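> Predicted model and sequence below, questions to follow.
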Amino acid sequence: MQVPAGKLLQTINQPSDLKRFGEEDLERISQELRQYIIDVVSVNGGHFAASLGVVELTVALHYVLNTPYDQLVWDVGHQAYGHKILTGRRDVFHTNRMHGGISGFPKRSESEYDTFGVGHSSTSISAALGMAVASQYKGETDRQHVAVIGDGSMGAGMAFEALNHAGIENSNILVILNDNNMSIDPNVGALKEYLADITTSKSYNRFRDDMAYVLGKLSSVGPDAFKIAKKIEKSIKGTLLKQSNFFEALKFRYFGPIDGHDVKHLVKVLRDLRDIPGPKLLHCVTVKGKGYALAEKDQTKWHAPGLFDKITGEIKKATYDKPQPPKFQDVFGHTIIELAEQNSKIMGITPAMPSGSSLNLMMKAMPKRAFDVGIAEQHAVTFSAGLATQGLTPFCNIYSSFMQRAYDQVIHDVAIQKLNVVFCLDRAGLAGADGGTHHGAYDLAYMRCIPNLVVSSPMNEEELRNLMYTAQLDNAGPFVIRYPRGNGVMVDWKRPFKAIPVGKGRKICDGEEVAILTIGAIGNEATKALAQLNADGLYPAHYDMRFVKPLDQALLHEVFKKYSKIITVEDGCLEGGMGSAILEFMADNNYQAQVTRLGIPDMVIEHGEQPELWADCGYDAAAIVKAVEAFGMKANAHIIAS
């Protein structure tokens, strides 16, 4: 639904339009921009609190910078809604994250103002530094390069690596630290405490107010005066702070902390910093959800609340006349507690996604046995490996697309050493409106090639519970369980645990002519397809493989001996996925059959609701029906016994 923008905002179609206004108008423009985000997101959904927290910063940046020539990089992108609205996408903003609409994240193919595509955290400083070095090499000495990164993202290893490099390049880069003490959930770690020390140092805050202005002016006087002023500043900063400034130690000019919601002061500071050469860091203190009281109060809940009544704050949820199946993540969250009550060796680990993974349930029930390690997937994996060396059984819960960032650790620190780490990969398969950066398309392919790993995927909630139970049994070794975003199919899901033989699939129903082989929850689309096919007198068989590594070879021998027409279905990439594994088995064992593989094609899939994307990619129930019909299967009047 499209909603009207405020009077001033209606006239801003690109940043050059913003520059026509006087500084006295910027507060009103910020108010209108914040209200427009509230109006649109409340009726269309999307990320919410993060963008509200950087409205004034967004306005100030585009007011001072000459974008897109000056290059602005947003980290993660949750906070870039205001940026999109000010850069020509106001009138299509209501399509944000919708099928066929604009992306919820900055995207290079969408706008020249989106200088770098983002979705995963902590990439902005590295990207901006690369741009700055390139500009320096090309002689573009007047070009500005700005990375806006949150304090949660700053805690990740890649951000530290980029800061370490940037400090010695002396390129024209400004890092803006958007410090709101939040990522999606509250931040954790020593950096959080360090930033809190800086923001509460009254004597230091009095000193820093005019330093940016002085340095900016002296840089135009001459290099000698500028160097003297820098030495004086460094000396005074070291005296005022109890400990030396971390960013200064990395050879960044540190400025702040300043109020990230004072748009006029932001403009003044950004203009001053524009004239100071070399790497600089501006520390802005903001409030996530600023301007919407409920979002300020409960920032995790309002990170991405869905549709809501902007007046009352009531979040709109679908109502049902009967009980509904739970989310897979909640099945994980409740099951790990149940298992941990039985097995004192079980620990829970997640990199900054306790709410998104539902590990927050264990963190509350068993705070000494569940850990949020911050946005640090590599550390999460190796930390889990360290726990495993001491006889514990860590369940390391990481979104499938985020696990890509810790691939070497899975191989080097877990698989080679055969450590019993259980990887629970949430959001596997097509994840929905977050789009290409968040789809868990590749895990089956990139995990099944690693020695010593067990790679599994449950078709329903009961199988998820049983796979988790199986994975924590003695000598289970490295174990991967991948499951999708969203709800399952079983209302009555909390059943007694049963061990699943590793590498064993199951026959759901027998059939004739055609066998459908599925893995994971997408198998439920095959169940829907079978209902339609059976109604038309067609009776293919259906097998739930459950494991892509090790494959159930006995089951596959049965399939290839009986069926000459086979369809594989997976919510994962076709290149190297389960279908490829089936073809390898067929070739290795000298079978011959017609095999149709359904899954994610070799392309980046855009955003949309999961059923829309399954249909686009050709592996929903309707596509499975077409694949069976394409084999020329003949109707049979009798029903095949299961």
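Happy to help now that I have it. Numbering: from 1, shown residues only.
> low-scoring stretches of the stretch 351-500 of the chain, by residue?
Within the stretch 351-500 of the chain, no range satisfies pLDDT under 70.
> Spatially nearest residue to residue 111 (excluding sequence neighbours)?
Excluding the flanking residues, the one nearest residue 111 by CB to CB, 6 or more residues apart in numbering is residue 87, at 5.8 Å. Backbone N, C-alpha and C define where each C-beta goes, glycine included.
> how near is the one you found to residue 41?
When distance is defined by CB to CB, to the nearest Å, residue 87 is 18 Å away from residue 41.
> Those two: which is more packed in?
Between residue 87 and residue 41, counted using other CB atoms under 10 Å, residue 41 has the larger neighbour count: 28 against 25.
> Shouldn't residue 363 be within a strand?
No. Counting by DSSP: H, G, I helix; E, B strand; the rest coil, residue 363 falls outside a strand, being helix.
> Does it touch residue 353 like I think?
No. Look at residue 363 against residue 353 with CB atoms under 8 Å: they stay out of range, at 11.5 Å.
> So between those two, which is more surrounded?
Set residue 363 next to residue 353 and count neighbours by other CB under 10 Å: residue 353 wins out with 24 against 20.
> does that one really touch residue 397, like I thought?
Yes. Using CB under 8 Å, residue 353 is in contact with residue 397, at 7.4 Å.
> quick one: common contacting residues for those two?
359, 426 (CB atoms under 8 Å, 6 or more residues apart in numbering).
> show me where pLDDT drops low in this structure?
In the chain (pLDDT under 70), the answer is 182-244, 636-642.
> Where do the domain boundaries of it fall?
9-297, 328-482, 506-630 (automatic domain parsing).
> looking at those domains, which is buried most?
Of all the domains of the chain, domain 328-482 carries the top mean neighbour count, a mean of 22, counting by mean count of other CB atoms under 10 Å.
> and it, how far from the chain's centre?
16 Å (CA atoms, centre = their mean, to the nearest Å).
> same deal with stretch 497-514?
33 Å.
> i'd like the first residue to be 865 from this point on
Right, with 865 as the first residue, what we last looked at is stretch 1361-1378.
> ok, and what's touching it?
Taking CB under 8 Å, 6+ apart as the rule, stretch 1361-1378 contacts 1203, 1318, 1327, 1329-1331, 1333-1334, 1337, 1340, 1387, 1391, 1394, 1403-1411, 1413-1416, 1419, 1427-1431, 1492, 1495, 1497-1498, 1500, 1504-1506.
> Sitting in strands, which of these do you find?
Counting by DSSP state E, the part of the contacts of stretch 1361-1378 found in strands is 1318, 1405, 1406, 1407, 1408, 1411, 1413, 1429, 1430, 1431.
> Which stretches in the stretch 1165-1314 of the chain count as strands?
Per DSSP state E, counting those that start in this stretch, the stretch 1165-1314 of the chain carries strands over the ranges 1210-1214, 1234-1236, 1257-1263, 1286-1290.
> Format those as TSV; extra columns: distance to residue 867.
Formatted as TSV, the strands of the stretch 1165-1314 of the chain follow (distance: least, CB to CB, whole Å):
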stretch	distance to residue 867
strand 1210-1214	36
strand 1234-1236	36
strand 1257-1263	32
strand 1286-1290	33
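> Which among those is found nearest to residue 1464?
Among those, the nearest to residue 1464 by CB to CB is strand 1286-1290 (15.3 Å).
> now the angle between strand 1210-1214 and that closest one, please.
Angle, strand 1286-1290 to strand 1210-1214, by axes from the mean of the first three to the mean of the last three CA atoms, to 10 degrees: 40 degrees.
> tell me which strands and helices strand 1286-1290 is in contact with?
Helices and strands touching strand 1286-1290, by 3 or more CB pairs under 8 Å, 6 or more residues apart in numbering; DSSP states H and E, are helix 1192-1206, helix 1218-1221, strand 1257-1263, helix 1264-1267, helix 1325-1335, strand 1343-1346.
> let's see 7 Å
When contacts are defined as 3 or more CB pairs under 7 Å, 6 or more residues apart in numbering; DSSP states H and E, strand 1286-1290 sits against strand 1257-1263, helix 1264-1267, strand 1343-1346.
> Distance to residue 1191 added to these, as TSV?
Converted to TSV, the helices and strands packed on strand 1286-1290 look like this (distance: least, CB to CB, whole Å):
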stretch	distance to residue 1191
strand 1257-1263	13
helix 1264-1267	15
strand 1343-1346	15
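> do you know which of the ones you listed lies nearest residue 1132?
helix 1264-1267 (38.3 Å).
> Which neighbouring elements make contact with that closest one?
strand 1286-1290.
> Let's see that with 6 Å instead.
If you count contacts as 3 or more CB pairs under 6 Å, 6 or more residues apart in numbering; DSSP states H and E, helix 1264-1267 packs onto no helix or strand.
> Could I have the CA atoms of it written out in PDB?
Listed next in PDB are the C-alpha coordinates belonging to helix 1264-1267 (Å, rounded to 0.1, in the frame of the first residue of the first chain):
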ATOM      1  CA  SER A1264      22.500 -21.200   6.900                       C
ATOM      2  CA  SER A1265      23.600 -18.200   4.900                       C
ATOM      3  CA  PHE A1266      25.700 -16.900   7.900                       C
ATOM      4  CA  MET A1267      27.400 -20.300   8.200                       C
END
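> which residues are in contact with it?
1241, 1289, 1291, 1292, 1302, 1304, 1307 (CB atoms under 6 Å, 6 or more residues apart in numbering).
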